[in-house]
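Enquirer: A predicted structure for the sequence below; I have some questions about it.
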Amino acid sequence: MDGSTTSRSTGAARKGQAGAAWGIVAGFSASLVGIGLARFAYTPLLPAIIDAHWFAPSVAAYLGAANLAGYLAGALAGRPLAARMSSAVILRAMMLLATAAFFACAYPLSFAWFFAWRFLAGLAGGALMVLAAPAVLPLVPPSRRGLAGGIIFTGVGAGVALSGTLVPLWLRQGVGATWLGLGVLSLALTAIAWKGWPAGGSQAAPSAPSAPAHHRAPAAHGRTLRALYAEYALNAAGWVPHMIFLVDFVARGLGKGLQAGAQYWVLFGIGATVGPVLAGLLADRVGFGWALRLAFILEALAVLVPALGWSEGWLVASSMVVGAFVTGTVPLVLGRVHELLAHHPAQQGPAWRTATVGFALFQAVAAYGLSFLFSSNGHDYAQLFILGTAAMVLALLIDVAVAATARPDDGAA
């Protein structure tokens, strides 16, 4: 190999590394905007929206649920959209849509207006969750994809922490000004991510060819996968009390005020920031199956704490643990899917999309159901957290039951 060839190879490698780095930054920004801000910034804003008389408490809770319904729509629509045009175009458009929703929500013209924009913000978040990481990770060497995925999903926790920090400061200027501030921040992140998305065609085709019939996963694996889908969906439902009502519970339910509620939301965000890394380290030590079971136990206990009226230290732990698993369960379930389908790589992508859609569906249904319950039970927060705990316990029971009745080739850990 002559010097010029070596130089070209080195230059190409450096260019590829730079492209991967920018891609990871873009993926991180997309998670931060689409989920960390577009969904989670609403939680610390909820008490302020009610206090400013923009909407009544029961109506404001439904507006939070509108975002989760949009997330389901985005998770369903993301792949068909990317099949028709460049993934980079779709990702940029979804970040712009989330940004536009922030600016639109600064003006509460009517319930329908606000509902529609909260729904569209959720749609953008769902599409970004389905498309961003798969668009970026092929740029990253296989040995570094775990770390890259963790960085991308850490954007969710960073968005939660930012919203808990910035929203109380911006609220001094008013609720409308806070929405405008979130819009400016989202626009800046969209600009940073703009050049990071890989150029190319659609994502319609999976990275691996479709498996022929005789290579399909055995029925036993199908049984374990169906159980995993149900567990992941129940987890999504179990998180809803913290995701929508935590700040309002502290601020109005405990009478501590918005500033204290926002502090607990920052703790939730800190947990969400470190969750993917800690979950990955745990899975490396004990395996994805056992890591999930331990996660279900810790989550059930953490979700129950606000209903028990325990001390402030327990509420701090509850906020951080639930926050950690809101993001940390994502790589655990993704890793479990890949573990179960290790010999059927072509089925891993469809299985993950199925899990994501089930997650979004249960989260949206739980959000609407708990919002209705909250509006009709005299604003009893304890019932919400008890129901969330029940969902976590049911997920654990399903997992244990499937593992106990599994055959040796079932793949259950």
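Expert: Sure thing, it's come through. Owing to the predicted nature of the structure, the values given are computational and were not obtained by experimental measurement. Residues are numbered from 1 along each chain as shown.
Enquirer: The residue lying closest to Val240 once chain neighbours are set aside is in what secondary structure piece?
Expert: The shortest distance from Val240 to any non-neighbouring residue, by CB to CB, 6 or more residues apart in numbering, is to Ala366 (4.4 Å). Any C-beta I mention is one placed from the backbone N, CA and C, and that applies to glycine too. Using DSSP states H and E, Ala366 sits in helix 348-376.
Enquirer: Just name whatever secondary elements that helix is in contact with.
Expert: Contacts defined by 3 or more CB pairs under 8 Å, 6 or more residues apart in numbering; DSSP states H and E place helix 348-376 against helix 57-82, helix 111-136, helix 219-248, helix 312-340, helix 381-404.
Enquirer: Mean confidence (pLDDT) on the second one, please.
Expert: Right, helix 111-136. If you average the pLDDT over helix 111-136, you get 89.
Enquirer: in that helix, what's buried?
Expert: Neighbour-count burial for helix 111-136, counted by 16 or more other CB atoms under 10 Å, picks out 111, 114-115, 117-136.
Enquirer: same question, the third one
Expert: By neighbour count on 16+ other CB under 10 Å, the buried set for helix 219-248 is 220-221, 223-225, 227-248.
Enquirer: Tell me where the model's unsure across the stretch 201-350 of the chain.
Expert: Within the stretch 201-350 of the chain, the stretches with pLDDT under 70 are 201-221, 349.
Enquirer: The chain - how does it break down into domains?
Expert: Domain assignment for the chain, taken from automatic domain parsing, gives 13-198, 217-413.
Enquirer: Please enumerate residues in contact with stretch 130-149?
Expert: 16, 19-20, 23-24, 26-27, 30-31, 34, 74-75, 78-79, 82, 87-88, 90-91, 94, 152-153, 196-198, 203, 207, 276, 280, 331, 334, 349, 353, 356 (CB atoms under 8 Å, 6 or more residues apart in numbering).
Enquirer: repeat that for 7 Å
Expert: Stretch 130-149 is contacted from outside by 19-20, 23-24, 26-27, 30-31, 75, 78-79, 82, 87, 90-91, 152, 197-198, 203, 207, 280, 331, 353, 356, using CB atoms under 7 Å, 6 or more residues apart in numbering.
Enquirer: Please pick the buried ones from those residues.
Expert: Neighbour counting by 16+ other CB under 10 Å classes 19-20, 23-24, 26-27, 30-31, 75, 78-79, 82, 87, 90-91, 152, 197-198, 203, 280, 331, 353, 356 among the contacts of stretch 130-149 as buried.
Enquirer: picking that back up, nearest to Leu258, out of the helices and strands packed on helix 348-376?
Expert: Leu258 lies closest, by CB to CB, to one member of these: helix 219-248, at 7.5 Å.
Enquirer: After that closest one, which helix or strand is next? Please name it.
Expert: Sequence-wise, the next helix or strand downstream of helix 219-248 (DSSP H and E) is helix 258-286.
Enquirer: Mind giving me the packing neighbours of the very next helix or strand once past that following helix?
Expert: Where DSSP H and E defines the elements, the next helix or strand beyond helix 258-286 is helix 288-308. Other elements packing on helix 288-308 under the criterion 3 or more CB pairs under 7 Å, 6 or more residues apart in numbering; DSSP states H and E are helix 219-248, helix 258-286, helix 312-340, helix 381-404.
Enquirer: who wins for proximity to Ala360 among these?
Expert: helix 219-248 (7.3 Å).
Enquirer: pLDDT weak spots in the stretch 51-200 of the chain?
Expert: For the stretch 51-200 of the chain, the stretches with pLDDT under 70 are 142-147, 200.
Enquirer: can you do 80?
Expert: Within the stretch 51-200 of the chain, the segments meeting pLDDT under 80 span 57-62, 64-65, 78-79, 82-83, 133-134, 137-151, 164, 199-200.
Enquirer: Identify the residues contacting Gly196.
Expert: Neighbouring residues of Gly196 by CB under 7 Å, 6+ apart: 22-23, 25-26.
Enquirer: Let's see which of those end up in helices.
Expert: Using DSSP state H, the members of those that fall within helices are 22-23, 25-26.
Enquirer: so which of the residues you listed comes closest to Pro168?
Expert: When the ones in helices among the contacts of Gly196 are compared for distance to Pro168 (CB to CB), Val25 wins out at 27.4 Å.
Enquirer: OK, contacts around the closest one?
Expert: By CB under 7 Å, 6+ apart, Val25 lies in contact with 192-193, 196.
Enquirer: Format these as CSV; extra columns: secondary structure and distance to Thr327.
Expert: Formatted as CSV, these follow (DSSP: H, G, I helix; E, B strand; the rest coil; distance: CB to CB, whole Å):
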residue, secondary structure, distance to Thr327
Ile192, helix, 21
Ala193, helix, 19
Gly196, coil, 21
